[in-house]
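S.K.: Next come a sequence and a model predicted from it.
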Amino acid sequence: KAGVTQTPRYLIKTRGQQVTLSCSPISGHRSVSWYQQTPGQGLQFLFEYFSETQRNKGNFPGRFSGRQFSNSRSEMNVSTLELGDSALYLCASSSQGKHTFGSGTRLTVV
Amino acid sequence: DAKTTQPNSMESNEEEPVHLPCNHSTISGTDYIHWYRQLPSQGPEYVIHGLTSNVNNRMASLAIAEDRKSSTLILHRATLRDAAVYYCILLDNYGQNFVFGPGTRLSVLP
């Protein structure tokens, strides 16, 4: 069974740009969650999608958004990038309470 | 959200058992106790979870106190590959909206 796939693995963007990250969940998993991980703040929950609907949302500004497609694949978008958005962005798909995480996308904003 | 407290770091010798403690004194009756670990440069990985009874799987054992206010993750024979940050997390039955604490950084000495 293929795991959770995140693309791209690495990304460098400049301040003010926008970025879209992609996540393909495990086949059959309908829930996809996104997390931001930084050395200073640790792992923080961004949002969760289930059957194309945002079910939960963390405490992040509106510049962070996401969506889920009918095949459960999900994307997250960050607009007007700031230096502080540099982080590892992790996606997880879940079934019966057990999360499987991808390897993440490392975003560097310069 | 119910919170957990864990020691910042622990050390173990290779091939010896490791007991990783977690306190969760405000746990509610419906919270499951989950353990995840994160190896360097990877996303978190599911280890084990339980509700009231002790649990065993191929990776580890989970011992849950009778009052559920604490639990212990047991690695029966630590290997160098077990060096990681271990997170103890409380989740409701839907298992969403993870709140990650700083976790315990486990070092395994050869």
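M.R.: Ah, there it is.

S.K.: Geometrically speaking, which residue is the centre of the chain?
M.R.: The chain I'm using is chain A. For chain A, the residue nearest the mean C-alpha position is A:Trp34 (3.6 Å; Cα atoms, centre = their mean).

S.K.: looking at chain B here, not the other one
M.R.: By Cα atoms, centre = their mean, the most central residue of chain B is B:Trp35, 3.7 Å off.

S.K.: quick one on the thing from earlier: so the residue nearest to the centre of chain A belongs to a strand, correct?
M.R.: Yes: counting by DSSP: H, G, I helix; E, B strand; the rest coil, A:Trp34 is part of a strand.

S.K.: show me the contacts for it.
M.R.: Going by Cβ atoms under 8 Å, 6 or more residues apart in numbering or on different chains, A:Trp34 touches A:23, A:45-48, A:66, A:74, A:76, A:89-92. To be clear about C-beta, it is placed using only N, CA and C from the backbone, and glycine gets the same treatment.

S.K.: Now go through the residues you listed and say which are in strands.
M.R.: Among the contacts of A:Trp34, the members falling in strands (DSSP state E) are A:23, A:45-48, A:66, A:74, A:76, A:89-92.

S.K.: Point out the residues in chain A that sit beside chain B.
M.R.: Applying Cβ under 8 Å from any Cβ of the partner chain, we find that chain A lies next to chain B at A:4, A:31, A:33, A:35, A:42-45, A:48, A:55-56, A:58, A:90, A:92, A:94, A:96-104.

S.K.: Mind checking which of the residues you listed are buried?
M.R.: A:4, A:31, A:33, A:35, A:43-45, A:48, A:55, A:58, A:90, A:92, A:94, A:97-104 (16 or more other Cβ atoms under 10 Å in any protein chain shown).

S.K.: ok, back up a step: so can I have a markdown table of the contacts of A:Trp34 showing pLDDT?
M.R.: Shown next, in a markdown table, are the contacts of A:Trp34 (pLDDT from 0 to 100):
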| residue | pLDDT |
| --- | --- |
| A:Cys23 | 98 |
| A:Phe45 | 90 |
| A:Leu46 | 94 |
| A:Phe47 | 92 |
| A:Glu48 | 92 |
| A:Gly66 | 97 |
| A:Ser74 | 98 |
| A:Met76 | 98 |
| A:Tyr89 | 97 |
| A:Leu90 | 96 |
| A:Cys91 | 96 |
| A:Ala92 | 94 |
